[in-house]
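Q: need a 3D model of the sequence below.
(one chain, ligands or ions: 2)
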Amino acid sequence: MAINIKKLREMEGKAVVVDELYHVTAPEQLFIVRGSVLVQGYATHRQRSIFLDVRIRATAVQQCSRCLADVVSPLDWEEHLEFQPEEDGDLLEREAFTYSLEETELSLQPYLVGLIESVLDPKPLCKPDCKGLCPVCGQDLNYGECGCDRRREGDPRLQILKELLT
Ligand SMILES: [Zn+2]
Ligand SMILES: [Zn+2]
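A: Ligands and ions are numbered 1, 2, ... in the order given. Purely as a prediction, here's the structure:
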């Protein structure tokens, strides 16, 4: 069941049920969406705006910012969005949510990558104490020491101390 703009207009001021499934493909360096994205709630047409009050559920997979392992995040959150007709575009901020007066349906598709990104941690960790990869040989240090001499790349605070002492 799509979000039908004509029907919303006829029901001016009344909440209409939204129950949508989307498939989202994000740029790979951002995240991967596993399965579909479920959007459920209500849409209301008021004056010239369409208001969406929805609950969004999705599963996102990112890479750990230290060791690159998969970080799976089940997401479940609420959004309260106002869509305005596209022809008012000049007056709106660039980030605004719009719908086209020529279209019969309102789609969340163009906005889902941004919405999901907004609730994800930009620097996810597979676990709070992830040891990351060895900068010398690339071994995942969560699985044990590689034996590399990493002292040269060590703590910059120690480096400053060393310079002060010499
Ligand atoms: Zn990690
Ligand atoms: Zn190493």
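
Q: and residue 41, how many residues sit next to it?
A: Neighbour count of residue 41, defined by other C-beta atoms under 10 Å: 17. Glycine gets a C-beta too; all of them are placed from N, C-alpha and C.

Q: going by neighbour count, list what's buried in stretch 24-38.
A: 24, 26, 31-33, 37 (16 or more other C-beta atoms under 10 Å).

Q: what do you get for stretch 44-54?
A: 44-45, 50, 52, 54.

Q: same deal with stretch 11-25?
A: Residues of stretch 11-25 classed as buried: 16, 18, 20, 22, 24 (neighbour count, 16+ other C-beta under 10 Å).

Q: mind checking the end-to-end distance for that stretch?
A: By C-alpha to C-alpha, to the nearest Å, the extent of stretch 11-25 from end to end equals 33 Å.

Q: element containing residue 18, please.
A: According to DSSP states H and E, residue 18 maps onto strand 16-22.

Q: contacts for that strand?
A: For strand 16-22, contacts defined as C-beta atoms under 8 Å, 6 or more residues apart in numbering pick out 1-4, 7-8, 36-44, 52, 54, 108-109, 112.

Q: same thing with stretch 28-38?
A: Residues outside stretch 28-38 that contact it (C-beta under 8 Å, 6+ apart) are 20-26, 56-62, 72, 112-113, 116-117, 120.

Q: so which of those residues sit within strands?
A: If you go by DSSP state E, those have 20-22, 56-62, 72 in strands.

Q: spatially nearest residue to the residue nearest the centre of the chain (excluding sequence neighbours)?
A: The centre of the chain sits closest to residue 117, judged by C-alpha atoms, centre = their mean, with a distance of 1.6 Å. Take residue 117 and drop its neighbours on the chain: the residue closest to it by C-beta to C-beta, 6 or more residues apart in numbering is residue 30, 6.2 Å away.

Q: in a helix, that neighbour, correct?
A: No: assigned with DSSP: H, G, I helix; E, B strand; the rest coil, residue 30 falls outside any helix and is coil.

Q: okay, it: pLDDT?
A: We have a pLDDT of 91 for residue 30.

Q: where does residue 37 sit, in terms of helix or strand?
A: According to DSSP H and E, residue 37 maps onto strand 32-46.

Q: and that strand, which strands flank it?
A: Strand 32-46 pairs in its sheet with strand 16-22 (antiparallel), strand 49-63 (antiparallel), by DSSP bridges.
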